[in-house]
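J.: pasting the structure only:
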């Protein structure tokens, strides 16, 4: 029960944070597709990447920790929950997707599926 | 009818985004468009300047402290490839924070964690308000 409560509390907390759609670049290179997302302030342990069917979903929470006693004079960014879904092409090899997080930028590499070698189907006579 | 949406193109997401952007209050603020966004705060001992500069290592950032201002300069690189979507800003940026307060110039420190730059400007000891006892002659 307590676990459930904690879960609910966590959910409520997540809901109270403003949802932000991170700026995303999607580009193609010879070795596949690359997705770049700006998610400053998100630590690796606060970032989740899920693949459901044809969608790659990225969720991350940036807390922007500030001490209690600080008085803000100007606020142009703040804590938030980054949420973004990218649909995946059928050309993507789902088993070899790689993600790296560096300096607040998430890079997801979606390699192309190796094309199945063409083969001839032998016809069996009945 | 065949609707051939590019598989990397999320169609329903577009409407969501439109609504979200419409109801986003901070967009009404013109300064929101200044890049990179800055947070300024202070506590008893120091002033803090925080900024979101994702994708840049510390070496690519140029911080200059002049008499009356702190200048944050840098350039965001562009990735090579065939773009399907480009939302991340690229190119040179600069922001100037006017410092109309005395700070301890030698104690200024800057850290960069997960794309968030934090500059701590300690308030100088001599400038803190203090009591002066007046002796009666």
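T.: Nice, I can see it. Only a predicted model underlies this, so the values are computations on that prediction, with no experimental measurement involved. Residues are numbered from 1 along each chain as shown, chains lettered A, B, ... in the order given.
J.: Provide a list of residues in contact with residue A:24.
T.: Counting by CB atoms under 8 Å, 6 or more residues apart in numbering or on different chains, residue A:24 touches A:35-38, A:84, A:86, B:85, B:87-88. All C-beta atoms are positioned from the backbone trio N, CA, C, and that covers glycine.
J.: between the residues you listed, which has the most around it?
T.: Neighbour counts for these, by other CB atoms under 10 Å in any protein chain shown, peak at residue A:37, which reaches 27 neighbours.
J.: I figured that one hits residue A:99, correct?
T.: No: taking CB atoms under 8 Å as the definition, residue A:37 is not a contact partner of residue A:99, at 9.8 Å.
J.: Next, show the common contact partners of the two.
T.: Common neighbours of residue A:37 and residue A:99 (criterion: CB under 8 Å, 6+ apart): A:106, A:108.
J.: spatially speaking, which residue is in the middle of chain B?
T.: Nearest to the mean C-alpha position of chain B, by CA atoms, centre = their mean, lies residue B:51 at 2.4 Å.
J.: What helix or strand is that residue located in?
T.: Assigned by DSSP states H and E, residue B:51 falls within strand B:46-52.
J.: in chain B, what residue is nearest chain A?
T.: Proximity of chain B to chain A (CB to the nearest CB) peaks at residue B:115, 1.8 Å away.
J.: phi, psi of residue B:107?
T.: Backbone torsions for residue B:107, taken as degrees, to the nearest 10, come to phi -100, psi 10.
J.: wait, what's in contact with it?
T.: Per CB under 8 Å, 6+ apart, neighbours of residue B:107: B:121-122.
J.: how close does it sit to residue B:38?
T.: The gap separating residue B:107 from residue B:38 is 20 Å, by CB to CB, to the nearest Å.
J.: Run me through the strand neighbours of the helix or strand residue B:40 falls within, direction for each.
T.: If you go by DSSP H and E, residue B:40 is part of strand B:38-42. The pairing partners recorded for strand B:38-42 under DSSP bridges are strand A:71-75 (antiparallel), strand B:46-52 (antiparallel).
J.: for the record, mean pLDDT for that strand?
T.: Across strand B:38-42, pLDDT averages out at 88.
J.: if we look at the sheet, which residues does the nearest residue to residue A:106 once chain neighbours are set aside bridge to?
T.: Closest residue in space to residue A:106, ignoring its immediate chain neighbours: residue A:37 at 4.4 Å, by CB to CB, 6 or more residues apart in numbering or on different chains. Judged by DSSP bridges, the bridge partners of residue A:37 are residue A:24, residue A:106.
J.: where along chain B do the helices fall?
T.: Using DSSP state H, the helices of chain B run over residues B:11-23.
J.: Run through the strands of it in chain order.
T.: Secondary structure of chain B (DSSP state E): strands at B:38-42, B:46-52, B:61-65, B:69-76, B:82-86, B:91-98, B:109-113, B:116-122.
J.: coming back round to it: report the angle between the strand holding residue B:40 and strand B:116-122.
T.: 30 degrees (axes from the mean of the first three to the mean of the last three CA atoms, to 10 degrees).
J.: Need the nearest residue in space to residue A:42, chain neighbours excluded.
T.: Residue nearest to residue A:42 in three dimensions, not counting chain neighbours: residue A:60, with 3.9 Å by CB to CB, 6+ apart.
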